[in-house]
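# have a look at this prediction, sequence included:
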Amino acid sequence: MPLDWPALGRSGFVTSVSSWSTSNFIYLTKKQIRLASMSFTVCKELEASFSEDRTCKANNGMDRIFSGIQPTGIPHLGNYLGAIQNWVRLQEEYNSVLYSIVDLHSLTVPRDPPYLRQSILDTTAAILACGINPKRCFLFQQSQVPEHAELGWIFGCFTSVPRLRRLPQWKIKNASQNNEGNVGLFTYPVLQAADMLLYKSTHVPVGEDQVLHLELAQDIAQHFNKKYGKFFPMPRAILNSTKKIKSLRDPAAKMSKSDPQKLATVSITDSAEEIVLKFRKAVTDFTSEVTYDPDSRPGVSNLVSIHAAVTGLSIKEVLHQSVGLDTAHYKMIVAEAVIQKLAPIRNEIKRLQQDKCHLENVLKAGAEKAKELAAPVYQEVRRLVGLQ
């Protein structure tokens, strides 16, 4: 929900503490989320006691993952490494996984209808090309399951205006729109809560900038359970340990598709020549040695993070392999690693984009399966609140 649902940008939902390796993910309870929102030097140990009884009883004892990504078209390298690559891992580890193209969230920014329709299909093609398998998860378009919006309205009636005003994302985005942000942008986190809880999701992989939104979802679930009896599980956060990918032209900012500098962002469909050019022009510093120190050397550290993420190596292993290299040479090594990683994905995206019917059928089938899970949950919510 990438997040923002990756535009939201980087985000999702995950499973059992005992069965998941913490080498790739960090599990967070509500208490730890508060700590993480202040400092993201996050402890990798878990507090397994938070609402354990409710989590175990949800979904017949089955852990459930949910994550969403906004339909911004073709994802960039940061989206892929920060969210989608981990989605692929999760679908292989767990039996109940839902991934959504969260198109309702995308309406908070004005979009040309034909462009939005094409972006939904392009995002779907990209996700499939990256390795998401509809046989291992439910991949669907959010608006095709109307219970998302309906549950969002009910949750909105339980959420105070001051509570939403305190969220940093609202303050930042509203300020960027001259303090004229729309109602959809303001209530965005409430719809996110509905996205998560509609399926009684037990775990949620989220980006660092989304932990406070997950805490809001937990607060809403607690309020509902207190008023109507235990019903929703308390979703736990999972932070991906992959370092946030930064802009190649400004390593103080995260990589973004909306960056006005064309050389700042690597699209997963960029050609080999484009990738080489972007990494050659990547901002580093005047020290030629390859080291990892995000505070004092953010540019070269960003390259090391990218290199580690695309190869599966640790930061330490990457640095060991890079001893004796200068940054100019190292840029080309990273570029080649990225090219090798993205080449098959780029080719598969092109193939899938030629089959619009297949993409639409994947989303339709996923929505039908998602609705089978969502409908009984929402009907019970309607009964509990007195609508039927």
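Structure received. Numbering: from 1, shown residues only.
# this structure - how does it break down into domains?
Structural domains annotated on the chain: 11-245+357-385, 272-353, as defined by automatic domain parsing.
# chain center to the longest one, what's the gap?
Same thing as domain 11-245+357-385. Averaging C-alpha positions (Cα atoms, centre = their mean, to the nearest Å) puts domain 11-245+357-385 8 Å from its chain's average.
# and the average pLDDT for it is what?
Mean pLDDT, domain 11-245+357-385: 83.
# same question for the last one.
Averaging the model's pLDDT scores along domain 272-353 yields 97.
# which positions within the helix ranked longest in the chain qualify as buried?
Longest helix in the chain, counting residues (DSSP state H): helix 356-385. Across helix 356-385, burial judged by 16 or more other Cβ atoms under 10 Å covers 359, 362-363, 366-367, 369-371, 373-374, 377-378, 381. To be clear about C-beta, it is placed using only N, CA and C from the backbone, and glycine gets the same treatment.
# export the residues you listed to a markdown table and append columns for distance to Asn179.
Shown next, in a markdown table, are the buried residues of helix 356-385 (distance: Cβ to Cβ, whole Å):
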| residue | distance to Asn179 |
| --- | --- |
| Leu359 | 39 |
| Val362 | 40 |
| Leu363 | 36 |
| Gly366 | 38 |
| Ala367 | 36 |
| Lys369 | 41 |
| Ala370 | 36 |
| Lys371 | 38 |
| Leu373 | 39 |
| Ala374 | 35 |
| Val377 | 37 |
| Tyr378 | 35 |
| Val381 | 34 |
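# my guess is Leu104 contacts His148, does it?
Yes: shown here, Leu104 and His148 form a contact pair, counting by Cβ atoms under 8 Å, at 6.6 Å.
# overlap in contacts of these two?
The contact sets of Leu104 and His148 overlap at 142, 191 (Cβ atoms under 8 Å, 6 or more residues apart in numbering).
# picking that back up, buried deepest among the domains of the chain, which one?
Stretch with highest mean neighbour count among the domains of the chain: domain 11-245+357-385 (a mean of 19; mean count of other Cβ atoms under 10 Å).
# sorry, back to before: and of the buried residues of helix 356-385, the nearest to Thr327?
Closest to Thr327 out of the buried residues of helix 356-385 is Leu359 (40.8 Å), distances taken as Cβ to Cβ.
# can you give me the strands for the stretch 201-350 of the chain?
According to DSSP state E, counting those that start in this stretch, the stretch 201-350 of the chain carries its strands in the segments 203-206, 236-240.
# tabulate those (CSV), appending distance to Asn79.
Shown next, in CSV, are the strands of the stretch 201-350 of the chain (distance: least, Cβ to Cβ, whole Å):
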stretch, distance to Asn79
strand 203-206, 13
strand 236-240, 12
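# so which of those gets nearest Leu319?
Short answer: strand 236-240, nearest of the strands of the stretch 201-350 of the chain by Cβ to Cβ, at 20.8 Å.
# so what does the closest one touch, helix or strand wise?
When contacts are defined as 3 or more Cβ pairs under 8 Å, 6 or more residues apart in numbering; DSSP states H and E, strand 236-240 sits against strand 25-28, helix 30-38, strand 203-206, helix 211-228.
# now Ile245: closest residue in space, sequence neighbours ignored.
In space, and not counting its chain neighbours, Ile245 is closest to Gly78: 3.6 Å by Cβ to Cβ, 6 or more residues apart in numbering.
# list the contacts of stretch 246-263.
Contacting residues not belonging to stretch 246-263 are listed as 7, 72-73, 76-78, 244-245, 264-267, 277-279, 281-283, 298-299, 301-302, 305 [Cβ under 8 Å, 6+ apart].
# please read the previous query as pertaining to stretch 293-301.
With Cβ under 8 Å, 6+ apart, stretch 293-301 has contacts from 243, 246, 251-252, 282-285, 287, 290-292, 302, 327, 330.
# how does it look with 10 Å?
For stretch 293-301, contacts defined as Cβ atoms under 10 Å, 6 or more residues apart in numbering pick out 243-244, 246-253, 282-285, 287-292, 302-305, 315, 322, 327, 330-331, 334.
# how long is it from one end to the other?
Stretch 293-301 stretches 6 Å from its first residue to its last (Cα to Cα, to the nearest Å).
# same thing with stretch 78-97?
With Cα to Cα, one end of stretch 78-97 sits 22 Å from the other.
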